[in-house]
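Novice: Sequence and predicted structure are below.
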Amino acid sequence: MKRYHVTTFGCQMNEHDSERMKGMLESIGYAEAPDPDAADLILFNTCSIREAADSKFLAHLGHAKRRKRERPDVVIGVGGCWAQSVKDEVFQKFPFVDVAFGPGQVHKLAEFLTSESLTAQGYFEFEGFAGDLPEKRAREFQGWVQISVGCNMKCSYCIVPSTRGRDVARPLQTLVADVERMASEGVTEVTLLGQNVNAYGRDLHRRGFTPATFAQLLEAIDAIDGIERIRYTSPHPQDMKEDVARAHAELSALCEHVHLPLQSGSSRLLKAMRRTYTRERYLDRVALLREHVPDVALTTDIIVGFPGETDEDFEQTLSLCEEVAYDGAFTFVYSPRRDTEAADFPDQVPHEVKVERMDRLVETIQRNAHERAQRFVGRTLEVLVEGPSRKDPTRLRGRSRHNKVVNFVGLAQPGDYVHVEIERATSQTLTGEESLLARATGGAAALAR
Ligand code: 5AD
Ligand code: SF4
């Protein structure tokens, strides 16, 4: 039996695509190898969002090259966003690569492998949904659901519209059927994925499908038996409307967490980024969410050092972070990307300035996240157990509905929902003890949401 190994870089959409790649490979008779050196097929699912992502992957590719020299029959495949962004150039630069494919062509991998093609092949159309392929889930109780691919926004820093194409939705009926199947296989938590999830469905009618909105999709998935938790990522602030805020209050499976990418707190910079909202509109959306779900956890993405960012712009970002008091944030130093508008903007910010701003931003984010997290101390939270704690294997680790990592002492198994009494909170994690009373009495899921 031939064996494959997939190394995944980048976002949750890539995690999803890799699970589908694995499922497809197993459906044509491959088995998973524990590491690349034990594999006949070495695959990389790549990311290109920042320069660091490119460099990280290129280091791995060097290892695969040496492997190919030792064993020329090993097949090397490169999929994902980096592959898409360089397309056929990959074969000139890296002649030992046998197959390259973009995110819209994952299905072509099986075709390539079964065709016994003797020449290297590249596949770069935007046509398929990896979500239509069979999946091999990393955890049996958690499922990714690809609701759409691509993005119609034109954020001036972002490479994704060129690596994943225009926004195309999978029909609501297809998604419901997929989640029903997952639920019948033991999935209780689903994460809906798309580059701009809350723009879901705008193209369905034109393509001959029943129209649907993101809020309707949430409602349909909430109604599926066995689905205890629904998460989604990422929404765009522009499309964060009342119906979705209300869904958070009304749908019992929809978690009390929204990841709402900000990017900058300066309206001037948001305009240069082509984010289509101002500071004030963003704050309105935050107020709307908090009005419907006062305890909602909010996280975000922020870029520092975007071209032309002045001290004043940066202060606006800091003040917005103080005002919102996020539960957490991913912070990125701006990285110019090929074929993006902002890469050619004048006034690129010097590296030292970016680093200094990043330090201040991280301090602000962490201080607020730490303070916000104290509201959980003394509460009993529902936790989905994921496995042993990373730092201390005698403890368990899971996530609360607010998407906080919870490390705790307890007896539960991965996949169990338990109640944990929270004793301590830092900016990143909560610590506590499984509430045995709740467990012994069957722990009604709604105990302490
Ligand atoms: N440089 C730095 N960060 C970026 N992001 C996207 N493109 C860039 C870039 N060129 C960040 C944004 C986005 C997150 C996934 O990555 O904050 O929300
Ligand atoms: Fe990386 Fe963006 Fe592609 Fe995800 S969509 S793999 S973050 S470039």
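Specialist: Great, that's in hand. Numbering: from 1, shown residues only. Ligands and ions are numbered 1, 2, ... in the order given.
Novice: name the helices or strands packed onto the strand or helix carrying Arg399?
Specialist: Secondary-structure assignment from DSSP states H and E places Arg399 in strand 396-400. Where contact means 3 or more Cβ pairs under 8 Å, 6 or more residues apart in numbering; DSSP states H and E, strand 396-400 is packed against strand 380-388, strand 405-409, strand 417-425. Yep, even glycine has a C-beta here, placed from its N, CA and C like the rest.
Novice: if you set the cut-off to 10 Å instead, what comes out?
Specialist: strand 380-388, strand 405-409, strand 417-425, strand 429-434 (3 or more Cβ pairs under 10 Å, 6 or more residues apart in numbering; DSSP states H and E).
Novice: Note down every partner strand of it and its orientation.
Specialist: Strand pairing for strand 396-400, using DSSP bridges, gives strand 380-388 (antiparallel), strand 405-409 (antiparallel).
Novice: Tabulate the ones you listed in a markdown table, adding columns for distance to Tyr232 and mean neighbour count.
Specialist: Below are the strands paired with strand 396-400 laid out as a markdown table (distance: least, Cβ to Cβ, whole Å; neighbours: other Cβ atoms under 10 Å):
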| stretch | distance to Tyr232 | mean neighbour count |
| --- | --- | --- |
| strand 380-388 | 16 | 21 |
| strand 405-409 | 19 | 21 |
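Novice: Any idea which of those gets closest to Gly432?
Specialist: strand 405-409 (4.8 Å; Cβ to Cβ).
Novice: Can you tell me the SS state at Thr191?
Specialist: strand (DSSP: H, G, I helix; E, B strand; the rest coil).
Novice: That one: what's its closest spatial neighbour, skipping adjacent residues?
Specialist: Computed as Cβ to Cβ, 6 or more residues apart in numbering, the closest residue to Thr191 that is not its neighbour in sequence is Arg231, at 4.4 Å.
Novice: close to ligand 1, is the helix or strand where that neighbour lies?
Specialist: Taking DSSP H and E as the definition, Arg231 sits inside strand 229-233. No. Using Cβ under 6 Å from any ligand atom, strand 229-233 stays clear of ligand 1, coming no nearer than 9.5 Å.
Novice: what is the orientation angle of the helix or strand hosting Leu361 with strand 429-434?
Specialist: Using DSSP H and E, the element containing Leu361 is helix 351-373. Here the directions of helix 351-373 and strand 429-434 differ by 30 degrees (axes from the mean of the first three to the mean of the last three Cα atoms, to 10 degrees).
Novice: any low-confidence regions in the stretch 301-449 of the chain?
Specialist: 437-449 (pLDDT under 70).
Novice: who in the stretch 1-150 of the chain is up against ligand 2?
Specialist: By Cβ under 6 Å from any ligand atom, the part of the stretch 1-150 of the chain that sits against ligand 2 consists of Gly10, Cys11, Met13, Asn14, Cys47, Ser48, Ile49, Gly80, Cys81.
Novice: Most neighbours among these, which one?
Specialist: Neighbour tally across those (other Cβ atoms under 10 Å): the maximum, 30 neighbours, falls on Gly80.
Novice: residue boundaries of the helices in the protein?
Specialist: Along the chain, counting by DSSP state H, helices occupy 12-27, 51-70, 81-86, 89-93, 108-115, 160-164, 172-184, 214-222, 242-250, 267-272, 279-292, 311-324, 351-373, 436-440.
Novice: if you compare the ones you listed, which one is most tucked away?
Specialist: helix 81-86 (a mean of 25; mean count of other Cβ atoms under 10 Å).
Novice: got the CA positions of that helix in PDB?
Specialist: Provided in PDB are the C-alpha atoms of helix 81-86 (Å, rounded to 0.1, in the frame of the first residue of the first chain):
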ATOM      1  CA  CYS A  81      -2.100  29.300  -1.900                       C
ATOM      2  CA  TRP A  82       1.700  29.600  -2.400                       C
ATOM      3  CA  ALA A  83       1.400  27.100  -5.300                       C
ATOM      4  CA  GLN A  84      -1.400  29.100  -6.800                       C
ATOM      5  CA  SER A  85       0.500  32.400  -6.400                       C
ATOM      6  CA  VAL A  86       3.600  31.100  -8.300                       C
END
